[in-house]
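S.K.: My questions concern the predicted model and sequence given below.
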Amino acid sequence: MSPDEGRPRGSWSQRGAAFGIWYLRAVTFLNFLSAVWVSFGNDIRRHNSAEFFTPYLLTAGFASAAFSLFLSVTLRRRKRAAWILNLVLSGLLTLLFAFGMVVAPEFRGHVQNWVSLVFTALFAVALVAGRREFSAKGDRANPKLAAAVAASGLLAASLLAALLVTVTNTAAGPSTFVQRWRYGLMRLVSLAADDRAFPEIATPNWVNVAINVLSTLLLVAVLWAAFRSVRSTEAITADDEERLRALLARHGDRDSLGYFALRRDKSVLFSPSGKAAVTYRVVGGVSLASGDPLGDPEAWPGAIEVWLAEAREHGWAPAVMGASEEGGTIYARHGLDALELGDEAIVDTGEFTLGGRAMRTVRQAYNRIERAGYTVRIRRHEDIPAAEMDRLLELADDWRDGETERGFSMALGRLGDPGDGRCVMLECRSGGTGDEAGELRALLSFVPWGEKGLSLDLMRRDRNSENGLMEFMVLELIQRAKEVEVTQLSLNFAMFRSVFERGSRLGAGPVLRLWRSLLSFFSRWWQIESLYRANAKYRPIWEPRYMLFEKSTDLLRIGIAAGRAEGFLEAPGLPKWLNRKHLENVR
């Protein structure tokens, strides 16, 4: 059950949480504005000294803006640690303001002080009222990590600041390194360092700004370490995989992407009845599920509720990539919004034909490859001897485009595993003049889709081979489908297919044409349009696929997480020569 169930929408708890979040957003805006608007920033600083004080976190400057922005983001993600920190700070500040108003008559004479006291108290009260909304847990290692980041970061930043001061110091008198280091350290940790305490140091203003930027970056790094979400969950175990295969055996024909749920870098949550499951992977604070839930559709809601509850417990943004219309409808009933991503190309092998004028170009390309002497062998993985499979794995690895294995929602992520014996392998060999007879040129691998279907998993070919081999192999499989007893094939996913199709028609509106042109431009790098063209030549049945998300403000975050999961984006990390796995391989 989600945290919101059992309470009316718009309850005091939800209103309190919303007020706290929007308060921090407003303070962030004012802090940023005061940092770039000098006179406004000076007014705030003047009112935050002597007998004046300003509301909670309103101090002016980039560092304070970064701090309030980070706290607003963590509060919006319902982090319990962020709620505790804000409540303690605002509560203590409220008490301090109230005490000052009681004991110091000069404080009571300024209207601004009363306004500051009221807003700070309202923020604290709102947090108390919304306490039940903030239940997301952080990683248990966060306190130690934050302390380590603070200690090491402060040391590194202070030494860098001391180096900047050493290089740019224009004071007449001599200064020691310790003095320059203390100056840089005070600039890092204090809001307004007293330059009179360092008469032997004089630096340009840009140096002080640079040190303040270092301070802001260090603050953000410490906050990130303190409030980061749990980064991963337990991967699928052997017992989990056995249960998932049992669900696929009973209901695997419902979703062509069902078999990809067996990726071993995913986690799984089962419904209370055990008749359905959601597989997912946590990437960048996003709980990313793929395809429809497995199992009995009547039990899907139970599995979805368990998955959403876990996402909210840890402050993850829930998202689904590649859900069908049926699955997307069930997800939408649990509060997720849908966005059409594109279409999956499905070919009915019994209805397909190479005849007719519409297939003339495809037929000519097929005949050209066939005349060149290429042949295709089709086998189940379980029928391939171990030595041959090892050779196929070696070639598939050599032909891979780049070092990253791409795919998440529509890729299995492994090849030749003993548990995947029902997968189908296509081997294309050359036999024409100038080539060694029987030389392997390309591979295709399909995973099972129920009892009578296959879904495309892997495509690899020798870069020196002729163009058109992949299409030739797919056409061979379609025409010889009875050899492996299948009646339908799921091919590549065509992202934004409807845009390309409708945008090229007569009478397409200017917005649609502009959107199509933009996608065509990005297709130079991501093959968006080429995948659509490659699939359209088979005249398939197009089945729409959807992305599901909870909040539109999380779309950028979800898009980055999906790009990382699919292998199109890489998170920043250590250089490869410092990577632990690399060092282990060297040893």
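M.R.: Ah, there it is.
S.K.: In PDB, list the C-alpha atoms belonging to the helix or strand harbouring Trp307.
M.R.: Per DSSP states H and E, Trp307 falls inside helix 300-314. Output of helix 300-314 as PDB, limited to C-alpha atoms (Å, rounded to 0.1, in the frame of the first residue of the first chain):
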ATOM      1  CA  TRP A 300      -0.300  -7.500 -11.900                       C
ATOM      2  CA  PRO A 301      -1.700  -4.800  -9.600                       C
ATOM      3  CA  GLY A 302      -0.300  -6.600  -6.500                       C
ATOM      4  CA  ALA A 303       3.200  -6.700  -8.000                       C
ATOM      5  CA  ILE A 304       3.000  -3.100  -9.200                       C
ATOM      6  CA  GLU A 305       1.900  -1.900  -5.700                       C
ATOM      7  CA  VAL A 306       4.900  -3.800  -4.100                       C
ATOM      8  CA  TRP A 307       7.300  -2.200  -6.600                       C
ATOM      9  CA  LEU A 308       5.900   1.300  -6.100                       C
ATOM     10  CA  ALA A 309       6.000   0.900  -2.300                       C
ATOM     11  CA  GLU A 310       9.700   0.000  -2.500                       C
ATOM     12  CA  ALA A 311      10.500   2.900  -4.800                       C
ATOM     13  CA  ARG A 312       8.800   5.400  -2.400                       C
ATOM     14  CA  GLU A 313      10.400   3.800   0.600                       C
ATOM     15  CA  HIS A 314      13.900   4.600  -0.800                       C
END
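S.K.: Please name every helix or strand in contact with the helix or strand following that helix.
M.R.: Using DSSP H and E, the helix or strand that follows helix 300-314 in sequence is strand 317-323. The contact analysis (3 or more Cβ pairs under 8 Å, 6 or more residues apart in numbering; DSSP states H and E) places strand 317-323 against strand 286-290, helix 300-314, helix 325-332, strand 337-348, strand 541-549, helix 555-566. C-beta coordinates here come from the backbone N, C-alpha and C atoms, glycine included.
S.K.: The helix holding Trp307 - contacts with which helices or strands?
M.R.: strand 267-270, strand 276-283, strand 286-290, strand 317-323, helix 325-332.
S.K.: who touches Phe107 in this structure?
M.R.: Glu51, Phe53, Gly100, Met101, Asn113 (Cβ atoms under 8 Å, 6 or more residues apart in numbering).
S.K.: The helix or strand hosting it - what's its average pLDDT?
M.R.: Using DSSP H and E, Phe107 falls within helix 105-108. Across helix 105-108, the average pLDDT comes to 74.
S.K.: Alpha carbons of that helix, as PDB, please.
M.R.: C-alpha atoms of helix 105-108 as PDB (Å, rounded to 0.1, in the frame of the first residue of the first chain):
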ATOM      1  CA  PRO A 105      13.700  45.400  22.400                       C
ATOM      2  CA  GLU A 106      15.600  46.700  19.400                       C
ATOM      3  CA  PHE A 107      14.800  43.500  17.500                       C
ATOM      4  CA  ARG A 108      11.000  44.000  18.100                       C
END
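S.K.: Find out how far that helix is from the centre of the chain, if you would.
M.R.: 51 Å (Cα atoms, centre = their mean, to the nearest Å).
S.K.: before we move on, the earlier item: any chance of the helices and strands packed on helix 300-314 in TSV, with mean pLDDT and distance to Arg360 too?
M.R.: Below are the helices and strands packed on helix 300-314 laid out as TSV (pLDDT from 0 to 100; distance: least, Cβ to Cβ, whole Å):
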stretch	mean pLDDT	distance to Arg360
strand 267-270	94	47
strand 276-283	93	43
strand 286-290	92	37
strand 317-323	92	33
helix 325-332	94	33
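S.K.: JSON lines for those, including distance to Val362 and mean neighbour count?
M.R.: JSON lines is the format used below for those (distance: least, Cβ to Cβ, whole Å; neighbours: other Cβ atoms under 10 Å):
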{"stretch": "strand 267-270", "distance to Val362": "40", "mean neighbour count": "22"}
{"stretch": "strand 276-283", "distance to Val362": "36", "mean neighbour count": "24"}
{"stretch": "strand 286-290", "distance to Val362": "31", "mean neighbour count": "26"}
{"stretch": "strand 317-323", "distance to Val362": "27", "mean neighbour count": "26"}
{"stretch": "helix 325-332", "distance to Val362": "28", "mean neighbour count": "18"}
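S.K.: With distance to Ala150 added, can I get those in JSON lines?
M.R.: Compiled in JSON lines, the helices and strands packed on helix 300-314 are given as follows (distance: least, Cβ to Cβ, whole Å):
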{"stretch": "strand 267-270", "distance to Ala150": "31"}
{"stretch": "strand 276-283", "distance to Ala150": "25"}
{"stretch": "strand 286-290", "distance to Ala150": "27"}
{"stretch": "strand 317-323", "distance to Ala150": "27"}
{"stretch": "helix 325-332", "distance to Ala150": "40"}
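S.K.: three-state assignment of the residue lying closest to Leu440 once chain neighbours are set aside?
M.R.: What sits nearest to Leu440 in space, not counting adjacent residues and going by Cβ to Cβ, 6 or more residues apart in numbering, is Arg429, at 5.5 Å. Put simply, Arg429 is strand when judged by DSSP: H, G, I helix; E, B strand; the rest coil.
S.K.: Any idea what Arg429 is bridged to?
M.R.: Thr375, Leu440 (DSSP bridges).
S.K.: Quick check, pLDDT for it.
M.R.: Per the predicted model, pLDDT is 89 at Arg429.
S.K.: Help me confirm that it comes into contact with Arg377.
M.R.: Yes - using Cβ atoms under 8 Å, Arg429 is in contact with Arg377, at 7.1 Å.
S.K.: quick one, which of the two is more surrounded?
M.R.: Arg429 (17 against 12; other Cβ atoms under 10 Å).
S.K.: which ones are touching the more buried one?
M.R.: Contacts of Arg429 by Cβ under 8 Å, 6+ apart are Tyr374, Thr375, Val376, Arg377, Gly438, Glu439, Leu440, Arg441.
S.K.: Weed out the non-buried ones from the residues you listed.
M.R.: Tyr374, Val376, Leu440, Arg441 (16 or more other Cβ atoms under 10 Å).
S.K.: thinking again about what came up before, sort out which residues of the helix holding Trp307 are buried, please.
M.R.: So, applying 16+ other Cβ under 10 Å, buried residues of helix 300-314: 300-308, 310-312, 314.
S.K.: before we move on, back to that, buried residues of whichever helix or strand comes after the helix holding Phe107, list them for me.
M.R.: Following helix 105-108 in sequence order, the next helix or strand is helix 111-129 (DSSP H and E). Of all the residues in helix 111-129, those buried under the rule 16+ other Cβ under 10 Å are 113, 116-117, 119-127, 129.
S.K.: and helix 111-129, what's its mean pLDDT?
M.R.: Averaging pLDDT residue by residue across helix 111-129 gives 89.
S.K.: which other helices and strands contact the helix or strand just after that helix?
M.R.: Counting by DSSP H and E, the next helix or strand C-terminal to helix 111-129 is helix 142-168. For helix 142-168, the elements it packs on are helix 177-189, helix 205-227, judged by 3+ Cβ pairs under 8 Å, 6+ apart.
S.K.: hang on, His334 is in a helix, isn't it?
M.R.: No - counting by three-state DSSP, His334 is not part of a helix but coil.
S.K.: related to what we said a few turns ago, of the contacts of Phe107, which is the nearest to Leu556?
M.R.: Phe53 (36.6 Å; Cβ to Cβ).
S.K.: what about the closest one, which helix or strand?
M.R.: Residue-wise, Phe53 maps onto no helix or strand under DSSP H and E.
S.K.: ok, now how distant is it from Asn113?
M.R.: According to Cβ to Cβ, to the nearest Å, Phe53 stands 6 Å off from Asn113.
S.K.: Spit out the residues that contact these two alike.
M.R.: Residues touching both Phe53 and Asn113 (Cβ under 8 Å, 6+ apart) are Phe97, Phe107.
S.K.: Of all the helices and strands packed on strand 317-323, which one comes closest to Ser229?
M.R.: helix 300-314 (5.3 Å).
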